[in-house]
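Undergrad: Pasting the sequence and the predicted model now:
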Amino acid sequence: MPVSPSTDNYYVGKGKLSFKVTGATTFRDLGNVTELETTPNLTTLEHFSSREGVKKKDKEVVTEKKMTVRLVMDEWTADNLAMALLGDTSVNTDGDTVVDIFSRNSFEGELKYEGTNEIGPQMDINLFKVAFKPGKSLNPISDEWGNIEIEGEALANDLGKFGTWTVRE
């Protein structure tokens, strides 16, 4: 990776995103994902000394670590719709896949991103445990390209780890 400052460090993100539902053995390609957004959030507790004059902050500790994850998918597969509708899928007698709406409370599993961009450093992201819920409304009638947006929260695994973000050289 070039040392800063360098225009070779500028980044235009492209990549493949896959999801493995908890209990499954393989990852499923989510298709064309137009947006992957992660938002870290820390909650802190501040302490102020009041021994003299104006109170001064003398310590701050982190009391909570959170990260939200937002995906925008534009492939309307039954499995992607199931994530947005919190539903299990089954195949009916006609061979069609049916989503049982709200048969789940969330979709939990592991999220994996593999950077394939040609501009800037390539990134790989692995979030060990994510709980997804619907993010926005679904609009099956539109003159625009349809999107499926879901949001989730990265959760700590049994070892207290959230995941990894790798910058490939």
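TA: In hand now; what should we look at? Source: prediction; values computed, not measured. Numbers count the residues shown, from 1 in each chain.
Undergrad: Please make it C-alpha for all contacts and neighbour counts, starting now.
TA: Will do.
Undergrad: Tell me which residue lies nearest the centroid of this protein.
TA: Val69 (3.3 Å; CA atoms, centre = their mean).
Undergrad: Test my guess that it contacts Thr39.
TA: Yes - contact between Val69 and Thr39 holds when scored by CA atoms under 8 Å: they sit 6.5 Å apart.
Undergrad: how about low-confidence regions in the chain?
TA: 1 (pLDDT under 70).
Undergrad: hey, where'd the strands end up in it?
TA: For the chain, the strands defined by DSSP state E occupy 15-21, 28-29, 33-49, 56-73, 88-91, 97-100, 107-115, 122-134, 148-154, 163-168.
Undergrad: could I get those strands as JSON lines with distance to Ala82?
TA: Output for the strands of the chain, formatted as JSON lines (distance: least, CA to CA, whole Å):
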{"stretch": "strand 15-21", "distance to Ala82": "12"}
{"stretch": "strand 28-29", "distance to Ala82": "13"}
{"stretch": "strand 33-49", "distance to Ala82": "16"}
{"stretch": "strand 56-73", "distance to Ala82": "12"}
{"stretch": "strand 88-91", "distance to Ala82": "6"}
{"stretch": "strand 97-100", "distance to Ala82": "6"}
{"stretch": "strand 107-115", "distance to Ala82": "9"}
{"stretch": "strand 122-134", "distance to Ala82": "10"}
{"stretch": "strand 148-154", "distance to Ala82": "10"}
{"stretch": "strand 163-168", "distance to Ala82": "24"}
